[in-house]
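Trainee: Need the 3D shape of this:
(chains A, B, C and D)
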Amino acid sequence: MNPVNYLYLAALLFTIGATGVLIRRNAIVVFMCVELMLNACNLAFVAFSRMHGNLDGQIIAFFTMVVAAAEVVVGLAIIVSLFRSRHSASVDDASLMKL
Amino acid sequence: MENLIALLVAAPLLGAAVLLCGGRRLDRVGHLLGTLLAAASFVIGVVLFADMLGKNADDRTFTQHLFSWIPVEGFQADVSFQLDQLSMTFVLLITGVGSLIHIYSIGYMEHDERRRRFFGYLNLFLAAMLLLVLADNYLLLYVGWEGVGLASYLLIGFWQHKPSAATAAKKAFLVNRVGDMGLSIAVMLMFTTFGTFAFGPVLKSAEEHLGGGATLTGIALMLLLAACGKSAQVPLQSWLGDAMEGPTPVSALIHAATMVTAGVYLIVRSGAVFNASPDAQLVVVVVGAVTLLFGAIVGCAKDDIKKALAGSTMSQIGYMVLAAGLGPIGYVFAIMHLVTHGFFKAGLFLGAGSVMHGMNDEVDMRKYGALRKYMPVTFVTFGLGYLAIIGFPGLSGFFSKDKIIEAAFAKGGTEGWILGSVALLGAAITAYYMTRVMIMTFFGEKRWQPDGEGHEPHPHESPKSMTIPMIVLAVGSVFAGGFFSIGDRFLHWLEPVTEHSHGNAPISATTVTAATMVVLVVGAGLAYLQYGRRPVPVVAPRGSLLTRAARRDLLQDDFNHVVLVRGGEHLTRSLVYVDHTLVDGVVNGTAASVGGLSGRLRKLQNGYARSYAVSMFGGAALIVAATLLMRAV
Amino acid sequence: MTQLAAAATLSAGTSTGEAFQFWVLGTFAVLGALCTVLMKKAVHSALCLAGTMIVLAIFYLANGAYFLGVVQIIVYTGAIMMLFLFVVMLVGVTAADSLKETIKGQRWLALLCGLGFGILLIAGIGNASLHHFNGLGKANAGGNVQGLAALLFTNYVFAFEITGALLITATLGAMVLTHRERTERARTQRELAEQRVREGKHLPPLPAPGVYARHNAVDIAGLLPDGTPSELTVNRTLRQRGQIRDVSAEALGDLKALEQRSAERLERPEEASK
Amino acid sequence: MSFPLLTATAVLPAVGAVATAAVPAARRTAAKWLALLVSLATLVLAAVVLARFEPGGARYQLTESHAWIKEFGVRYELGVDGIAVALIALTALLMPFVILAGWHDADPQETGSSRWRPTQGFFALILGVEAMVIISFEATDVFLFYIFFEAMLIPMYFLIGGFGDRAHAGSDEHAAAQRSYAAVKFLLYNLVGGLIMLAAVIGLYVVAGNFSLPEIVAARANGSLHMATSTERWLFLGFFFAFAVKAPLWPLHTWLPNAMGEATAPVAVLITAVVDKVGTFAMLRFCLQLFPEASKWATPVILVLALISIVYGALLAVGQRDIKRLVAYASISHFGFIILGIFAMTSQGQSGATLYMVNHGISTAALMLVAGFLISRRGSRLIADYGGVQKVAPVLAGTFLIGGLATLSLPGLAPFVSEFLVLVGTFARYPVVGIIATFGIVLAALYTLVLYQRTMTGPVKPEVSALPDLRVRELAVVVPLIAALIFLGVYPKPVTDLVNPAVKHTLSDVHKTDPKPAVEAAK
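Mentor: Coordinates of the predicted model:
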């Protein structure tokens, strides 16, 4: 098997995640889809790392995880406070930017 | 001595500047100052004249270069003067008659609170007119040309509170501008053809038939257009009648004696150009002949004394233009008639002014009558002017007009016969309408009545300041022609400038004179039968079709009104509409459609984060696609 | 350890075993991802995502990223996904859970973009010449963790430090965002009652759920006098989830059965047959 | 290093603008005097520039050159030729009169508000415009020019939109709406032009590699810089469009009547006499020199547009009911003459066009400012609201008439010289165009005299019977302008001497020589 398949898998997962972000309204699920996209990227990084034979790809994936963790913490906090004020976790309800 | 030429112009110019800028402080002495400066200019003119007489005939051209006016690569316009016999004649006429009319105006305008300004304008006119005749190139002439137009505008509209005066002034300026357009095109043509527009080289080149016949014809026709505007020749004659709205001294000076003859000056001055183009000369004589009859017919029908005289002026200038169009046979006679006409027509106008002065500014001749008893001096001077204009033997008009008629016959061929007959017919009509004016004004029963407020006019003789100029002019009207003609003095004087040739007349001079006498008697007799034998009705009878048309200036104004004024109004109105709706509309339409489009696009901004995410995602996809495509290519 | 060493050697190429593992687990990963997107309930989505992440962790290990694989399981699946679950519980359920689309054309556009993007990515990968794999044998020679550490504390030390600052900031941010300080006095019961009177709705307390002793659970609507259930009696969350049990029919059936039994006992066949 | 005279001339009004803006709210009069003094000082500096400039010397004189943005080869390069000197002198000359004429235009209507400082703002903006206009005339770096060409719009926008004419037929709200419409229209038109020019400026950089006008011209002349025909044409069009909007040329003119109608008279003068001149000046300096072949290629179309401008502007002026809009349309007609002169590509035409810029500035200033005094007295811009003013205020009427006569190019007043030169220059190469343009002088007489007749003559209308005549301040504005008109009409030699060498250079840039007379005149 060609390890390129990992990249195809990563691309597939990324696309699924992105589509999910677009069609789900529950902010939490949207968030999960974002995580899915990040994980897909990580997979690609790891595969590239193997391809190039050095560890920089893994380092990047590591950083991605850290940043994702920070992002999740803040993001979830935002969702919680949003829910408190609006009694809803729908991303469509936060549409004050509408003209 | 030559350096005095600039002073000729400078003196009245100074007067104009001082009087117009001086303010009310000068109100009490303004008229005297103005008259003094006009007289000073006359004195300088006389001094120069004396100097000129002292020289040989070939040596009589004085020049004075003042400064370089517009120096541009390949284009040189100078302020420099040229005083030759032709200019000298004009200088003396302008300053002489001008000074007299200044004096006359002191009395005539005595009760006008804006008398100072009136004298300022008169001085401005003198300066411009002198510039016109003294210029040594066409561009400087153009300055004077428009300058007299401006002075005429200001003076016609002097009583600005009268809407009719303001309108007449505007009309005069506008019609003149059409003529000016011709002059400027002529100058441009000269420049592109000869690279210069100074009299000397241009006329010399024309004499040698350089530059091609068509171009010279073009220049000549454009000059003729200019002359038509200034000299009220058909088809640009319509302003002169209205110009009578101005004070009478103005009518006498500008619209009879001097300014309106500038066209004749222009044609005679540019004689070489016209000589080189027989086609243009033909047009000139046709214009002259048509105007001659046109003015005369209009003059027969007018009841307004000044307008009748205006028609007469038009007709007399028609004579001059006719003569000028005949070429070297006629130039001298055109100028001679111009000078004598300057005397008698100015005198007639001053007389008319004197009559109006005594009649509470009434201008309708049907309300005059029997004034000879009340205004003897005016009657006599006016009468002498009358005899002069109709060509009574021995008086000025007799000599000058007779020569023109002779010259017209001398043109030769069918042309000569037609022109000569027209000139003769004109003489008959002149005798008719002038006799009519004379009879209606001074003879018969008194016809004036109290006006609406019960003021009955008390006709009285005018003050000395008015009568003396009239007397001087009357003397000129009587003797000038004889003085000029006997021994061909005038001819010899002008010949170096204008050249002269004798045509081969098909009929003898005596026959012409006899014929002139006959038509004179016929014309005057007819008028006597019509107006002298019967009382003149106070209200004008309806009259024949021709009379009614003539009263309306042969429908020229109606034509102008319908075609030019109405048409122009419609044109401008529709253009304003076009500018607003079409030109601006395209712009506003673009703005509106951009606004509409953005209104649509705004809907994309629906506030849903997911919609934005879709566009981001789509954008990312496009970028990926573009990257791949670039790599593939 | 031997297994890991074997995997390390495998990193250069792929064995049949890895291929088998890829195809089987890859299928699961994709399924998990799809379920994450398509599951109606957030809890289910979270669980599916966790599954996918575990599969990914295994793939990391298979690719020689041992440290990341372990971290993926411990930090991601263990901590972050649990955080998700906590929040799901905290927030409860809303109408947002419905999969019904409300923005016109959104779904089609999303699918179109997703499809296009996926095809482009895959096409891009397919176009790239990625046939030569170096393998991590050399890089991992001193141990994967040691190798990472060596890079992290030399080349990437600055980024690493910044990451620390980021994490601290994120922690503080989360606290600030979720912390709620009462800025006003809590309203008394009296004030609340007055407000209800002003607004003119539900003057009395909401009706209690449950009808009979055996069905007084919170998910059973109380019955109105005509026997229909009143939604008001049920908690909002349950209502939105559609978890109301309608027991009215059941109760009537029970009543009927009771009457039947008593009729049989009292030997009144006409009533029983009725 | 010598004293940077050109920079000083531009910086002085800019500093003055800042200083004027900083004057405290209560010291309104001090701000006015400060602005007036600064403008007079600028006039002195401009006079020094004029004195130091040698007409026969190098093409660009008093040059300054400093590196600015090295990455793009943008330099701070200043230098003046005769045309620029003449226009700088015009700008510096007009400013004191503009300020003096607008002395009360920006007085706050209600007193007492302490923070709002309209007066300071008004005069500061005027000085700011002056600074930018002067530096636009001086810049020989295309990019530098472009910056100030565009930056001018900002103060102009506020001057038009913020300080409108108080004489308005409608309500205050209506007036405000009209004003903001005019200001936005002005801004949008000029911005569109400017953006297209920006594209062309960038294109020029791509082709030429730097922005320096003398360098590019030299490189094109010695053949080291080759420009494809189509490239040159596109770049030319980009530049020309911006200048044609500014100038303005038909059919891009419709912003001008709005802007001039709604702005106060001094600001209207600023627009038409100063700011718009940058457009025609830039045609002469940039379009012709940078793109000689394209200029020749476009000449027929431009001549036709200029002709349309002349006749159309004049006809529309006849049809106007609003005094200021009438003057605006007259200006459109005059700009047609200027552009005609530039693109006739003869010495007479281009000298005439330059002279025309100067003369039109002065004559329009005279006419417009007197019209402004008249309007401020009666409080109406409609011609129909006047009549018989001559009787009540003879000096006002007289100066108005002189301004009008200058507009109709009466010989003896300055505009005649330039108009005739333009006509002759055009006629020499394009006789038909010259003849049609000559119709413009008849139409000019028509609209001017109709305006004068309807406002100044006739019976005195009751509303105008108490109008005061010109005051001392107003006379101080009008009299010098009229004196300048007469002086330049009688003795334009100083200006033509200044301009002639520059025009010669420009003509040699476009490889054109004057048409020779058909025959050598007899001596």
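Trainee: Restrict stretch C:151-171 to CA atoms and write it as PDB.
Mentor: Output in PDB follows, covering the C-alpha atoms of stretch C:151-171 (Å, rounded to 0.1, in the frame of the first residue of the first chain):
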ATOM      1  CA  LEU C 151      13.600  19.800  18.000                       C
ATOM      2  CA  LEU C 152      11.100  21.400  20.300                       C
ATOM      3  CA  PHE C 153      13.700  22.800  22.700                       C
ATOM      4  CA  THR C 154      16.000  24.000  20.000                       C
ATOM      5  CA  ASN C 155      14.500  25.100  16.800                       C
ATOM      6  CA  TYR C 156      11.000  25.600  18.000                       C
ATOM      7  CA  VAL C 157      11.700  26.800  21.500                       C
ATOM      8  CA  PHE C 158      10.300  30.200  20.900                       C
ATOM      9  CA  ALA C 159       7.100  28.900  19.400                       C
ATOM     10  CA  PHE C 160       6.900  26.500  22.300                       C
ATOM     11  CA  GLU C 161       7.100  29.300  24.900                       C
ATOM     12  CA  ILE C 162       4.500  31.300  23.000                       C
ATOM     13  CA  THR C 163       2.300  28.300  23.100                       C
ATOM     14  CA  GLY C 164       2.600  28.300  26.900                       C
ATOM     15  CA  ALA C 165       1.400  31.900  26.900                       C
ATOM     16  CA  LEU C 166      -1.400  31.000  24.600                       C
ATOM     17  CA  LEU C 167      -2.600  28.300  26.900                       C
ATOM     18  CA  ILE C 168      -2.500  30.500  29.900                       C
ATOM     19  CA  THR C 169      -4.400  33.200  28.000                       C
ATOM     20  CA  ALA C 170      -6.900  30.700  26.900                       C
ATOM     21  CA  THR C 171      -7.500  29.500  30.400                       C
END
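Trainee: What residues of it count as buried?
Mentor: By 16 or more other C-beta atoms under 10 Å in any protein chain shown, the buried positions in stretch C:151-171 come out as C:151-152, C:156, C:160, C:163, C:166, C:170. Glycine gets a C-beta too; all of them are placed from N, C-alpha and C.
Trainee: Reformat these as CSV; add secondary structure.
Mentor: Shown next, in CSV, are the buried residues of stretch C:151-171 (DSSP: H, G, I helix; E, B strand; the rest coil):
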residue, secondary structure
C:151, helix
C:152, helix
C:156, coil
C:160, helix
C:163, helix
C:166, helix
C:170, helix
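Trainee: what mean pLDDT does the helix or strand where residue B:510 lies have?
Mentor: Per DSSP states H and E, residue B:510 falls inside helix B:509-527. Taken as a whole, helix B:509-527 carries a mean pLDDT of 88.
Trainee: Please pull out the lowest mean pLDDT helix or strand from chain C.
Mentor: helix C:2-10 (a mean of 47; mean pLDDT, DSSP states H and E).
Trainee: any weak-confidence spans in chain A?
Mentor: Low-confidence segments of chain A (pLDDT under 70): A:1, A:94-99.
Trainee: Kindly list the longest helix within it.
Mentor: helix A:56-86 (DSSP state H).
Trainee: how about it, does it reach chain B?
Mentor: No: under the criterion of C-beta under 8 Å from any C-beta of the partner chain, helix A:56-86 makes no contact with chain B; the nearest approach is 11.7 Å.
Trainee: any idea whether the closest residue to chain D within the stretch 501-633 of chain B is helix, strand or coil?
Mentor: The nearest approach of the stretch 501-633 of chain B to chain D comes at residue B:572, 3.4 Å away (C-beta to the nearest C-beta). Under three-state DSSP, residue B:572 falls in the helix class.
Trainee: Can you get me a residue count around the residue nearest to residue B:246 when sequence neighbours are not counted?
Mentor: Nearest residue to residue B:246, sequence neighbours excluded (C-beta to C-beta, 6 or more residues apart in numbering or on different chains): residue B:156, at 4.1 Å. Residues near residue B:156, counting by other C-beta atoms under 10 Å in any protein chain shown, number 29.
Trainee: What's the local residue count around the closest residue to chain A within chain D?
Mentor: Chain A sits closest to residue D:184 of chain D, with a gap of 20.9 Å, by C-beta to the nearest C-beta. Residue D:184 has 16 neighbours, counted by other C-beta under 10 Å.
Trainee: what distance separates the strand or helix carrying it from the centre of its chain?
Mentor: Counting by DSSP H and E, the element that carries residue D:184 is helix D:172-208. Using C-alpha atoms, centre = their mean, to the nearest Å, the distance from the centre of helix D:172-208 to the centre of the chain it belongs to is 17 Å.
Trainee: Just the mean pLDDT for the next helix or strand after that helix, thanks.
Mentor: Counting by DSSP H and E, the next helix or strand C-terminal to helix D:172-208 is helix D:213-221. Mean pLDDT, helix D:213-221: 86.
Trainee: so where do the helices sit in the stretch 51-200 of chain D?
Mentor: In the stretch 51-200 of chain D, the segments counted as helices under DSSP state H, counting those that start in this stretch are D:82-101, D:118-138, D:142-151, D:153-162, D:172-208.
Trainee: Just list what the longest one packs against, helices and strands only.
Mentor: In terms of contacts (3 or more C-beta pairs under 8 Å, 6 or more residues apart in numbering or on different chains; DSSP states H and E), helix D:172-208 is packed against helix B:584-604, helix D:142-151, helix D:153-162, helix D:213-221, helix D:229-246, helix D:255-262.
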